[in-house]
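> can you look at this prediction? I've put the sequence above it.
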Amino acid sequence: MLKSKKLTSLEILRGISVLAVCFNHFANSIAGGTVLPGFFKGIEKYTVNSIDIFFVISGLVIPYSLHLARYTVRSYFQFVYKRFLRMHPPYLIALALTLILAAISYHLRNQPNPETPVSIIKSLFYAHVPTSNPVFWTLRVEAEYYLFIGLFFVLLNRYKNLSVLLGFPALLALSLTPLAAHFMLLQYIIFFLIGITGYLIYTSEKKPVLELIVLTALIIFVFIYKGPGSAIAAALTIGSIIFYKQPEHGILDFTGKISYSLYLIHFPIGIKLINLLERRVSPDYYWILFILASVCTYALAWLFWRYIETPFAKLSKKVRYVRAE
């Protein structure tokens, strides 16, 4: 089924997802305004499943990149290091920005800062989520996924049917046990498995009957355990990745390129801006705060992407996998 190495829908989906996340948080902050309150509450309601889209995308794109690189288990540590270089330094800078803005905010409001040296140290390793940037919780899930997929991909490559028919059910069963409270990946493993199944479908050299049956079963699982909103988001995401073949273009494509930067900083920038101004603005004009927060955050995310994220992404690309002899 594989026709092109380029998954043309990825940046568009990332763009849609990150805008949905931003708009959800900004809309929640101004939903008490007197102009179009129902509209902003609607934004909040219908963008709540945007994180699910990110997890499905990661579920597909990481094994697909390993497939293209002819990855073997000998390159496991190189793979982990590549992901570390790509994701962690921008996170640390965003964390520092978050903590600085939060400290200033708490000081100006004469409120105690909930962050401590211990919590900050934990945050360096995704073991704590700062109050002023709650979206960081997903980075722990992604980090756990990288550690997992670097090993599971090898089994998937060698024993595809066994991995799908035994491995998938085992992981789903574990996701329903108390173990999921200790390994956050298990709580969201269903979305990554949908992405992995999409990868198998996209790279299949023959009609992927088994994979399509499994994908249907996974979507049903999501519907039962996560709700119809998550099921719809997951189904539309994986369908778009597999079947959308149009060229990339437009603002959504660029937004997808800067999506990680926008995701990292939108909360401390946009929400702090709204909180700072809403006490000085009539509820009739809260909608202006929504636009202002969106524009300012987008502009700063572009700078963050260009001068912080991009250099580390280039360093990550320089890490080479060990070639099989």
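Looks like it arrived, so ask away. Residues are numbered from 1 along each chain as shown.

> ok, the residue lying closest to residue 278 once chain neighbours are set aside - how many residues close by?
Once flanking residues are discounted, residue 278 sits nearest to residue 289: 6.1 Å by CB to CB, 6 or more residues apart in numbering. For every residue, glycine as well, the C-beta is placed using N, CA and C. By the criterion of other CB atoms under 10 Å, residue 289 has 21 neighbours.

> what's the helix or strand for residue 289?
helix 286-304 (DSSP states H and E).

> so residue 48, which state does it fall into?
coil (DSSP: H, G, I helix; E, B strand; the rest coil).

> quick one, what contacts residue 179?
Applying CB atoms under 8 Å, 6 or more residues apart in numbering, we find residue 179 in contact with residue 186.

> what helices or strands is the helix holding residue 289 leaning on?
Helices and strands touching helix 286-304, as assessed by 3 or more CB pairs under 8 Å, 6 or more residues apart in numbering; DSSP states H and E, comprise helix 10-30, helix 76-108, helix 259-266, helix 272-278.

> save the ones you listed as JSON lines, and put in mean neighbour count and mean pLDDT too.
Output for these, formatted as JSON lines (neighbours: other CB atoms under 10 Å; pLDDT from 0 to 100):
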{"stretch": "helix 10-30", "mean neighbour count": "22", "mean pLDDT": "89"}
{"stretch": "helix 76-108", "mean neighbour count": "17", "mean pLDDT": "96"}
{"stretch": "helix 259-266", "mean neighbour count": "25", "mean pLDDT": "97"}
{"stretch": "helix 272-278", "mean neighbour count": "16", "mean pLDDT": "89"}
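
> can you add distance to residue 168 and give the ones you listed back as a markdown table?
As requested, the helices and strands packed on helix 286-304 are exported to a markdown table (distance: least, CB to CB, whole Å):
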| stretch | distance to residue 168 |
| --- | --- |
| helix 10-30 | 23 |
| helix 76-108 | 21 |
| helix 259-266 | 28 |
| helix 272-278 | 42 |
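
> quick one, which of these gets closest to residue 213.
For residue 213, the closest of these is helix 10-30, at 24.1 Å, according to CB to CB.

> and that closest one with helix 286-304, angle?
Angle between the axes of helix 10-30 and helix 286-304 is 140 degrees (criterion: axes from the mean of the first three to the mean of the last three CA atoms, to 10 degrees).

> helices or strands next to helix 10-30 in the packing?
helix 37-46, helix 50-68, helix 228-243, helix 250-257, helix 259-266, helix 272-278, helix 286-304.

> may I have it as CSV, with CA atoms only?
Extracted in CSV, the C-alpha atoms of helix 10-30 (Å, rounded to 0.1, in the frame of the first residue of the first chain):
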residue,chain,number,x,y,z
LEU,A,10,1.1,15.2,9.2
GLU,A,11,1.9,18.9,9.3
ILE,A,12,-1.7,19.8,8.7
LEU,A,13,-3.0,17.5,11.4
ARG,A,14,-0.3,18.8,13.8
GLY,A,15,-1.4,22.3,13.0
ILE,A,16,-5.1,21.6,13.6
SER,A,17,-4.3,19.8,16.8
VAL,A,18,-2.0,22.4,18.3
LEU,A,19,-4.5,25.2,17.4
ALA,A,20,-7.3,23.2,19.0
VAL,A,21,-5.2,22.8,22.2
CYS,A,22,-4.4,26.5,22.3
PHE,A,23,-8.0,27.6,21.5
ASN,A,24,-9.3,25.2,24.1
HIS,A,25,-7.2,26.7,26.9
PHE,A,26,-7.8,30.3,25.8
ALA,A,27,-11.5,29.8,25.4
ASN,A,28,-11.7,28.3,28.9
SER,A,29,-10.1,31.4,30.3
ILE,A,30,-12.5,33.9,28.7
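
> before we move on, back to that, deepest of the helices and strands packed on helix 10-30, which one?
helix 259-266 (a mean of 25; mean count of other CB atoms under 10 Å).

> list of residues touching the helix holding residue 289?
Outside helix 286-304, the residues touching it (CB under 8 Å, 6+ apart) are 22-23, 26-27, 29-30, 32-36, 40, 90, 93-94, 255, 258, 261-262, 264-266, 269-271, 273-274, 277-278, 281.
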